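Participant: mind folding the following:
(chains A and B)
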Amino acid sequence: MKKIILLLSLFVFIISCNEDNLDTENNDKLTLTDWGKILAADPSKADLLMIANYDLMNNFGGTHDEFGIKAIDLGTDLMTQDIVQSIHHWFGFYYLVDNRLETYRSTTHMWIETLAKMANGANAILRPIDKTTTNPEARAIIGQAYGFRAYTLLYYIHLFQKAYSVDPNLPGVPLFDDDVLNDRPGRNTTQAVYDQIIKDLNSAYSYLDGYTRPAKGRIDRSVVAGLLARTYLDMENWQQAAAWAATARTGYSLMNQTQYKSGFADITNPEVMFGYDINATNTNYYASYFSQISNQDQGYAGLLGVYKLIDRSLYDKIPATDYRKTVFNGSSAAYGLPAYASLKFFSNQADFSGDLTFMRASEMYLIEAEAKAHYDEAGAKQVLLQFVSQRNPSYTLSSNSGQALIDEILTQRQIELWGEGFRLNDLKRLNLGIDRNYAGTNHRSDARLTIPAQDVRWVFQIPIAEINSSDFLSPSDQNP
Amino acid sequence: MKRNLRILSTFVLLFVGHVIYAQVSGTVTDANGKPVSAASVKVIETGIEEFTDNSGKFTIDAQNGQNLEVNAVGSETKKVAVTGNVVNFSLAKSKDENLTEVVAVGFRDKNKEEITGAVQTVDEKLVRNSLSSDVTKSLDGALAGVQIATGSGQPGAGADRIVIRGINSISASTNPLIIVDGSPYEAPLSTINNKDIDSYTVLKDASATSIYGNRAAGGVIVITTKRAKKGNIKIEFDARTAINKRFGREYDIIKDPKEYYSLWWNVLRNSAISTGSSSAAAGTTATNNLISSLGGYNNYNVGNNLLIDNNGVFNPNANLLYHDDWFEELFQTGVASDYYVNLSGGSDNLLTNFTVGYRDEKGIVINSKFQRLNTKLRMDFRAKEWFNVLASLSFTNQKTDAARTSTGYGNAFDFARSIAPIYPVYAYDANGIRINNANGDVVYDYGLANDGYLGTRTYGSFQNPVFTYKNNRDRTEGNYINANLTPTFKYKDFQFKYVLSAQVNFFNNRTLTSGEAGDAVNANGRASFEDEKEIVLNNQQLLSWKKTLWSKHNFDVMLGHETFNLKRENKDAEYENLLEADNPFLNNLGNFSYLNDGEIQYYLEGYFAEFLYNYDKKYYLNLSGRRDASSVFDPDSRWGNFYGASIAWRLSQENFMKDLSWVDELKLSAGIGTQGNDTVLYPSLTGANGLPATSTRNYYAYQYQYDLNRSDTNGDGIPDTVVPTAAYLGGGRELTWEESKGLNIALDFELFKRLTGNLTYFEKKTNDLIFNVPFGANYNGTDFSGTKPTNLGALENKGFEVTLGYQILKSENLEWSVNLNATHYKNKITKLFGKFDGLYRGLDVGSNPIGVGHSRFEFAMPEYIGIDASTGLPMYNIYEEVLNSTGDIIGIGEIIGTTSNPNEATKVWTGKKTDPDVYGGFSTYFRVHNVDISMNFAYAIGGHALDAVYQGLMTFGENGQNYHRDALNSYSYGTNATSSIPVILNNNQALNTTSTRFLVKRDYLALNNLTIGYNLSSEWIKQIGLDSFRLYAAGENLFLFSKRQGYDPRRDFTGASSDSAYPYASTITFGMNIKF
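Facilitator: Residues are numbered from 1 along each chain as shown, chains lettered A, B, ... in the order given. Okay, the predicted model is just below:
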């Protein structure tokens, strides 16, 4: 009996365990609880989330045509007439204007991998933070987050709907406010999306008062002003667009010829307003903008011959006295590259660590000129003169007026911003089509498409995963 | 010499006929009449000892009047006086519970007839004959209700997936819990030498597994390793050598450059016609662009535009200048050798078993290999009548050189299959002469015109896997230490057992990616390491009481407590810019890329009880319960209760059956129970076939978590700040384990002493399925953010299992038996969450949506109905769609049209699913005299799979890719307009769309193992001092019948094909086994 008691007591002794063991420590990831403690001790640590957000703009999505904002810029440019891709390769289906359906990777990369992550990242800051703070560091973070969210929404609406100028009542995209109660996770309207963008940008502008950014990789007031200019341009609110564009470019000087020919790979360039500094640690190597667009870097374009050429008709529009003509090959092969090959972008880095440019002052001149052409032609011509004379020393004040003036400005915009991701939205907001099948075209024989204005092929479908997963989106919400 | 003399004298004396010294022979059988091998037969008076052979026979020198003592494991010792030349022993079962013929089930060993749940042990011959480094890989088809995906053919790689009675989870792992010698085992099963395995048992139903609590939902595999037997030291030596060859054939891809150019010419021509060119213009376009569109590679001695004329006629004067076969250069015949030594024996007080095994295996791809050294010491200290200790210590070291199996151009299998046969492995000049470098070494073709090659490959330039497989490195070294200590105290009917197990697993991986060619050219080479240290501690306290009361009432009660503690520390880092080209250590590299360092902890605790009762070994009642907690869940929801209950009735023990002498055993049993699953995985709903990735377990499922990344904020190229990214949303307080409920009704029988069998009906229902529920606009299918694990939805599996064994022949010199098993089950999603419950396609993920009323593995996709004869495009059905008020499809009606645009086609439930209608295996064993042959087959009937490899080979993805030879007959405008195979165009992405066109039947029949053995005659080998000497030849994975050449449905649980998978190798082995 003694032994039984001994055995039983031994058993009881051993099983009386310590429940604390079940509260295991998470040394692998940061828990929300721990993050809350960090923020409580130092609210400026919220800036870390903002850093992560900027990194998302250069996020590698798994395949070599998925690297964030510049992949979207390149893909959408290839859907226009301005760029020719010499062989079918990465981005090939963008060039064939056949990459927009709900089941394709492209839509997932845009909506989910890039934009949703960025918007969520902004919300992760804006939701918990005390917005009444007077702490200048905290206010700067809030301002950047608002600006960042607006930036994301502008991309969303450009990609997933027709232009505001076509019909502001078309379905938009889900909207998430700072306060969960104001969330509108359905499609809303394009108008509602633009209202939200303006609201966010105004908040950003106000919060960023007095903020001096440490580098061009961050959003400051000039970037917010630039985004306001872009937004009002979409909305055809010409006065506001012109005014904000002028505000935005204040303090930036235009590039000179040497700088223009230096590859668009360095955000210290005086004209760059907002960009992302790429270096050895954050380059995506072959899956990068410079690997894909630079015919001189040893990547897809330069080494494998997936050349990016300028559309011949656009090339022919560049005056011979304009040095921008020299960043493209002419009608014959040169520099080991085919005719019309672009020489505009190059990093000269084996790891493609050319910086990414998201906004530069030239665009602001062009917005201001285009906007003013609608209500102040003289003013428009002056802005145009200021800008174009930097590119073409022979340029004199424009003698055009009316639509001809607007067209001249738009051609300047096409030339200046070639390959930088603006053309598709311009086609959409300006109600233009494309014709790659003109006499003497240099477009690839299997890509000589003619696409009318407002074609459905230019509106991406919402990825099927998003429709599936959201209680607020149904198949009937899908774009045609 | 002495022995020979003795034999001689025996003969002499026999002839004399005056028996004073005799050779006594006989057979030792067990309580069931089966022969007992390796039983010790000892002459008490002289101390001479012999052992029985495989058929239970022995011969020993003994005299009339002397006494023989027979000792065998699991039996009572028996003494018999010698009264003639033949003495047969029939041994009774031992009362010593350590030595009975038992099955390890639920913390304890149980006698076979006591088992009331679905428990099945793998035929020991199959385990013994397995040639794999992980025995599980050899068990496809071996057990009813168990599906095994063989996975990769990489030497050393384990089975990919073990599924018991169907998938019963969606967002959690369904792999079974592995118990080795009583404790949960975390190291890979390849760390256990097959020859050390004494039994491999699978617990399939809830009544048997509920005592393992919240880890048992996928079933439990219980492995026990060999223990020493009492007696003289026995030595076993096994040596074998094997060759590995690529199993089966590759898909029927184009290998002839001429065929390739002709097909590509057609693609160019058809594509041009499809965009409006005239037939003539299209022909000219195709002729002129033929070589340039392939990057300039022309294998023939005629001009680029002269190879195929604009009517598509191949130039009859063209002669081949060069041609290499990528398969020949990448694949090899691997040689393997495996040695095993076991020493075992002991006295009444101390039994010792010691094993050393060494294996060295080369794979079928250059530079892939596996080396393993394992040792195991197991000692049984029988200190006192009331106290004994079982202790074991094992150490395994294994090194794997992996062939890279990631997707993309770096993968040899994908590359060799997918590259057009026009691209050479080696560099050639324009005349087709191989270029050697200054040292006379071969030069590889990287497909870059700039670097002086013949052109710029449009497929995988930069890459040459023949070079990279020779020069890159991916070596994993694992060191696994496992210590077990089990003291047992006994007092009267009580027993207290303390099971302590400690596992220390070290894992190190180093990779080197060459800077000369391949993925890391730009970085001038790259190297990484990963170090993992895992410590697992398991404690069990088991108190039991066993007693027979009132003569026929047998009670066996156990109380237990268990804790399980796992801590895993992981570091990995990568640098770039190599100094020494082949040195993977990071001191050899200059440029920092990343360093990660983290740790996870996992803790479980459970209390459990088991009550076993039987009346006169006729009526059985088993009850078990467990209260379990897991650190994966919130403190408020981490404790849960699980139970199991089962009954059995052994009809054969009833008096009314006694007269039926042909009925040896007849048992009816039924059980119910619950099991839990806490293996919540990070979400991967869009992963392969929608199956959760098993590598990303979420040990903190209730916590809201952020990934931590580093960012360079000051632009100096060095990361300086840790930033939280990719939020993982935790399940919070509400999240708890998935609970599945099981029902099992079985009939076991043994008739005519020849026919054994089992018939089972089972049900398995999971009611709290964990879904990683996505949020709108937050949803991210691949990067884990924006989802929340939540208990929602339900599914069920219902089915039958049959296992039959028949001993056709059984005599001294002739034995023949056959075994067969078959399983049929149906998987069905019964409930979903939110809007998905009512939708036609439910949660519409990929080609395997999750929809109520459908199998988890039913395909929903556009219905391919043939081709449009005027356009050559594939045609699909459009069905009338029934919509609800929000426009979601809630059903479909009649076919209302057809379309060649797959995006207009209705994605319909096809009725075709991955689960086979019937699957299983059969085996046969045949022995005549000393020669034995065994064969094991696995099969599946019914079921479909998506053959993505074929899909890729039949559609256009990129210039310079290869095609299946079926593509040669594809539709072509004007020239092959009656084809039933759709046209291939290079400008229409819709042609690649997944549809029923790419489903393939996954029926298969495979010969998994064939072993032929020869046991040298016992008389002869005894002369040279051995107990047994066996020579054998074996083949594993010898043939496969499947629907399409190259397609192996066994690799993946869903039957899906994978372009990058290391193919399963065929192995032919020659070996010998000596015991003395």
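Participant: now do the SS call for A:Gln424.
Facilitator: That one is not Gln; residue A:424 is Leu. Three-state assignment for A:Leu424 (DSSP: H, G, I helix; E, B strand; the rest coil): helix.
Participant: just the strands in chain A please.
Facilitator: A:30-31, A:83-85, A:272-276, A:308-310, A:356-360, A:434-435, A:450-451 (DSSP state E).
Participant: out of these, flag the one nearest B:Phe585.
Facilitator: Among these, the nearest to B:Phe585 by C-beta to C-beta is strand A:30-31 (31.0 Å). Every residue, glycine included, has its C-beta placed from N, CA and C.
Participant: now do that closest one: which elements does it pack against?
Facilitator: Judged by 3 or more C-beta pairs under 8 Å, 6 or more residues apart in numbering or on different chains; DSSP states H and E, the packing partners of strand A:30-31 are strand B:705-711.
Participant: how far does the strand it packs on sit from the chain's center?
Facilitator: Between the centre of strand B:705-711 and the centre of its chain there are 34 Å (C-alpha atoms, centre = their mean, to the nearest Å).
Participant: that one pairs with which strands, parallel or anti?
Facilitator: strand A:30-31 (antiparallel), strand B:721-728 (antiparallel) (DSSP bridges).
Participant: so which helix or strand of chain B has the lowest pLDDT on average?
Facilitator: Taking mean pLDDT, DSSP states H and E as the measure, chain B has helix B:2-16 as its least confident helix or strand, at a mean of 40.
Participant: show me which residues of whichever helix or strand comes after that helix are buried.
Facilitator: The helix or strand immediately downstream of helix B:2-16 is strand B:22-29, counting by DSSP states H and E. The neighbour-count check on strand B:22-29 (16 or more other C-beta atoms under 10 Å in any protein chain shown) flags B:22, B:24-29 as buried.
Participant: for the residue in the stretch 751-900 of chain B that chain A sits nearest to, phi and psi?
Facilitator: In the stretch 751-900 of chain B, the residue that lies nearest chain A is B:Gly887 (2.2 Å; C-beta to the nearest C-beta). With angles defined as degrees, to the nearest 10, B:Gly887 sits at phi 90, psi 10.
Participant: B:Glu259 against B:Leu968, yeah?
Facilitator: Yes - the pair B:Glu259 and B:Leu968 passes the contact test of C-beta atoms under 8 Å, sitting 6.3 Å apart.
Participant: looking at the chain, which helix is longest?
Facilitator: All of this is about chain A. Secondary structure assigned by DSSP state H gives helix A:136-160 as the longest helix of chain A.
Participant: nope, chain B
Facilitator: What stands out as the longest helix in chain B, according to DSSP H, is helix B:257-274.
Participant: got the CA coordinates for that one in CSV?
Facilitator: In CSV, the C-alpha atoms belonging to helix B:257-274 read as follows (Å, rounded to 0.1, in the frame of the first residue of the first chain):
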residue,chain,number,x,y,z
PRO,B,257,15.2,20.1,-84.7
LYS,B,258,13.5,19.6,-88.0
GLU,B,259,10.2,18.8,-86.4
TYR,B,260,10.7,21.8,-84.1
TYR,B,261,11.4,24.3,-86.9
SER,B,262,8.5,23.0,-88.9
LEU,B,263,6.1,23.4,-85.9
TRP,B,264,7.4,26.9,-85.1
TRP,B,265,7.1,27.9,-88.7
ASN,B,266,3.4,26.9,-88.5
VAL,B,267,2.9,28.8,-85.3
LEU,B,268,4.4,32.0,-86.9
ARG,B,269,2.3,31.5,-90.0
ASN,B,270,-1.0,30.8,-88.2
SER,B,271,-0.4,33.7,-85.8
ALA,B,272,0.1,36.1,-88.8
ILE,B,273,-3.1,34.7,-90.4
SER,B,274,-5.0,35.2,-87.2
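Participant: now do that helix: which elements does it pack against?
Facilitator: Using 3+ C-beta pairs under 8 Å, 6+ apart, the elements in contact with helix B:257-274 are helix B:279-289.
Participant: report the contact partners of the residue nearest to the spatial centre of chain B.
Facilitator: Nearest to the mean C-alpha position of chain B, by C-alpha atoms, centre = their mean, lies B:Ala159 at 1.7 Å. Contacts for B:Ala159 (C-beta atoms under 8 Å, 6 or more residues apart in numbering or on different chains) come out as B:134, B:136-137, B:139, B:148-151, B:189.
Participant: can you check B:Asp196 too?
Facilitator: B:225-226, B:342, B:355, B:357, B:374, B:376.
Participant: give me that answer again for 10 Å
Facilitator: Contact analysis of B:Asp196 by C-beta atoms under 10 Å, 6 or more residues apart in numbering or on different chains lists B:127, B:135, B:223-226, B:340, B:342, B:353, B:355, B:357, B:374, B:376, B:378, B:394.
Participant: now the residues you listed: which count as buried?
Facilitator: Buried among these (16+ other C-beta under 10 Å): B:127, B:135, B:223-226, B:340, B:342, B:353, B:355, B:357, B:374, B:376, B:378, B:394.
Participant: and the pLDDT at residue 181?
Facilitator: All of this refers to chain A. Looking at A:Leu181, its pLDDT stands at 72.
Participant: oops, wrong one, chain B.
Facilitator: In this model, B:Asp181 carries a pLDDT of 88.
Participant: what helix or strand is the residue nearest to B:Arg473 when sequence neighbours are not counted located in?
Facilitator: Nearest residue to B:Arg473, sequence neighbours excluded (C-beta to C-beta, 6 or more residues apart in numbering or on different chains): B:Leu512, at 4.2 Å. Here B:Leu512 sits within strand B:494-513, counting by DSSP H and E.
Participant: show me which residues of that strand are buried.
Facilitator: B:494-505, B:507-513.
Participant: output the contacting helices and strands for that strand.
Facilitator: Here strand B:494-513 touches helix A:2-15, strand B:183-184, strand B:387-401, helix B:465-471, strand B:473-491, strand B:526-549, strand B:553-578, going by 3 or more C-beta pairs under 10 Å, 6 or more residues apart in numbering or on different chains; DSSP states H and E.
Participant: any idea which of these gets closest to B:Ala420?
Facilitator: Closest among the helices and strands packed on strand B:494-513, using C-beta to C-beta: helix B:465-471, at 14.8 Å.
Participant: just give me the neighbour total for A:Glu363.
Facilitator: 24 (other C-beta atoms under 10 Å in any protein chain shown).
Participant: now do the contacts for it.
Facilitator: A:226, A:229-230, A:233, A:245, A:248-249, A:271, A:273, A:357, A:413, A:416-417, A:420, A:422.
Participant: could you check the pLDDT of it?
Facilitator: pLDDT, A:Glu363: 98.
Participant: run a quick neighbour tally on the residue of the stretch 351-480 of chain A found nearest chain B.
Facilitator: The minimum distance from the stretch 351-480 of chain A to chain B, using C-beta to the nearest C-beta, falls at A:Ser476 (2.2 Å). By other C-beta under 10 Å, the residues close to A:Ser476 number 13.
Participant: if I pick residue 211, what's in contact with it?
Facilitator: Just going to use chain A. Residues counted as contacts of A:Tyr211 (C-beta under 10 Å, 6+ apart) are A:136-137, A:139-141, A:143-144, A:218-221.
Participant: was after chain B, sorry
Facilitator: Neighbour list for B:Ile211: B:105-108, B:203, B:220, B:558, B:560, B:562, B:606, B:608-610, B:622, B:624-626, B:628, B:642-644, B:673, B:675 [criterion: C-beta under 10 Å, 6+ apart].
Participant: same check, this time on B:Thr955
Facilitator: B:874, B:961, B:963-964, B:967, B:970, B:982, B:984-985, B:988-993, B:997-998.
Participant: rerun that using 6 Å as the cut-off
Facilitator: By C-beta atoms under 6 Å, 6 or more residues apart in numbering or on different chains, B:Thr955 lies in contact with B:991-992.
Participant: same thing with B:His824?
Facilitator: Neighbouring residues of B:His824 by C-beta under 6 Å, 6+ apart: B:799-800, B:918.
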